[in-house]
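Engineer: fold the following and give me the result.
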Amino acid sequence: MRIRSYRDLEVWQLSMDLALAVYDCTDLFPRYEQYGLTAQIRRAVVSIPSNIAEGQGRAQPGEFLNSLSVARGSLQELETQLMIAQRRRYLTAAQLESLLETTDHVSRMLTSLRNSISP
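Structural biologist: Take a look at the predicted model:
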């Protein structure tokens, strides 16, 4: 399949699904975290598909690789924040496990995509 748009990338599609799942979970966080952990988690998760999209739209493969690295960094930031949320008891162990399974899948897909376009 030829990639015509970032929307054709499975890693972008899965990271969009992850963003929706994270938003659903953070909707239940305490109100006093609205400008704290909730905002941090949401910024991190939105950054993942956003950087994939931005990088795919760039003219040079090196720019795409850089954007994929930024997306991966945001993914790891998200994982850390989700673990903090679970330790604060804002997420159940089952919720955290499910989200981390998805982040792991996104991570592996980002690595595969990077390897496919590396010189």
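Engineer: tell me the contacts of Thr68?
Structural biologist: To be clear, residue 68 is Leu; Thr isn't right here. Applying Cβ atoms under 8 Å, 6 or more residues apart in numbering to Leu68 gives the contacts Asn51, Ile52, Gly55, Leu110, Leu113, Arg114. All C-beta atoms are positioned from the backbone trio N, CA, C, and that covers glycine.
Engineer: in the longest helix along the chain, what's buried?
Structural biologist: Of all the segments of type helix in the chain, defined by DSSP state H, the longest one is helix 61-87. Using 16 or more other Cβ atoms under 10 Å as the test for burial, helix 61-87 gives 64-65, 67-68, 70-72, 74-75, 77-79, 81-82, 85-86.
Engineer: and stretch 37-56, by the same measure?
Structural biologist: Neighbour-count burial for stretch 37-56, with 16+ other Cβ under 10 Å as criterion, is recorded at 37-38, 40-42, 44-56.
Engineer: stretch 5-19: how far from the chain's middle?
Structural biologist: On the basis of Cα atoms, centre = their mean, to the nearest Å, stretch 5-19 sits 10 Å off its chain's mean C-alpha point.
Engineer: centre-most residue in the protein?
Structural biologist: When the chain is reduced to its mean C-alpha position, the closest residue under Cα atoms, centre = their mean turns out to be Ile48, at 3.9 Å.
Engineer: the residue lying closest to Arg72 once chain neighbours are set aside: which element?
Structural biologist: Nearest non-adjacent residue to Arg72, counting by Cβ to Cβ, 6 or more residues apart in numbering: Leu110, 5.2 Å away. Counting by DSSP states H and E, the element that carries Leu110 is helix 93-117.
Engineer: state the mean pLDDT of that helix.
Structural biologist: Looking at helix 93-117 alone, the average pLDDT works out to 97.
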